[in-house]
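A.B. asks: I'll drop the sequence and a predicted model, then ask my questions.
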Amino acid sequence: MTGFDYAVLAIIGISVLLSIMRGFVREVLALASWVIAFVVARFYAVELVPLLPEAIPGEALKMLAAFLILFLVTLLLCSLLAIALSQIFKKVGLGWVDRGFGAVFGVLRGVLVVGVLVLLAGFTALPKDPMWRNAMFAAPLEAMVIALLPWMPVDIAKHVKYD
């Protein structure tokens, strides 16, 4: 095993530990809350702009302030909801199920993070490095990324190289 392999194991391991500690419900709702916060901010910032003080100069700055306010408030509310739902799971005796599914979620997220890093490395000379070439996990991770290249824009995918 090389440093590459240890880094892969560390990333996935940390992701699993975090997900076990937080649980599946909080992990999924944390991801969903970012999407919800963006959507709310995107569609309702225009409605908030007239309510902002005149002390904020310019419409662009007011729009940015409205977007950020809505995004952060929505993110906070969704986070509080996630914590409450996680506590409900624990109270009804499903904490172990929540943590078990959290571990699975952590593995999937860790593999996704590693996959993105391997994809980005495909744009560099890093895959030619002996540490990469001799790594136990390099070939399967490269195969995973190569299998996903048809789903990427052609102008980006054509620059990903592992040989």
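C.D. replies: It's in.
A.B. asks: now stretch 6-14: how far from the chain's centre is it?
C.D. replies: 16 Å (C-alpha atoms, centre = their mean, to the nearest Å).
A.B. asks: now swap in stretch 92-107 and tell me
C.D. replies: Per C-alpha atoms, centre = their mean, the centroid offset for stretch 92-107 relative to its chain is 18 Å.
A.B. asks: Give the buried residues for it.
C.D. replies: For stretch 92-107, burial by neighbour count (16 or more other C-beta atoms under 10 Å) applies to L94, D98, R99, F101, G102, A103, F105, G106. Glycine gets a C-beta too; all of them are placed from N, C-alpha and C.
A.B. asks: Quick one: name whatever helix or strand follows the longest helix seen in the chain.
C.D. replies: Across the chain, the longest stretch assigned as helix under DSSP state H is helix 59-91. Where DSSP states H and E defines the elements, the next helix or strand beyond helix 59-91 is helix 95-121.
A.B. asks: That next one versus helix 59-91: what angle between them?
C.D. replies: Interaxial angle, helix 95-121 versus helix 59-91 (axes from the mean of the first three to the mean of the last three C-alpha atoms, to 10 degrees): 140 degrees.
A.B. asks: and D163, how many neighbours?
C.D. replies: By other C-beta atoms under 10 Å, 5 other residues sit near D163.
A.B. asks: Renumber starting at 5 from here on
C.D. replies: Yep, numbering from 5; the last one is D167 now.
A.B. asks: Look up how far I16 lies from it.
C.D. replies: 25 Å (C-beta to C-beta, to the nearest Å).
A.B. asks: per-residue confidence for K95?
C.D. replies: pLDDT, K95: 86.
A.B. asks: Equivalent analysis for E63, please.
C.D. replies: As summarised for this prediction, E63 has a pLDDT of 86.
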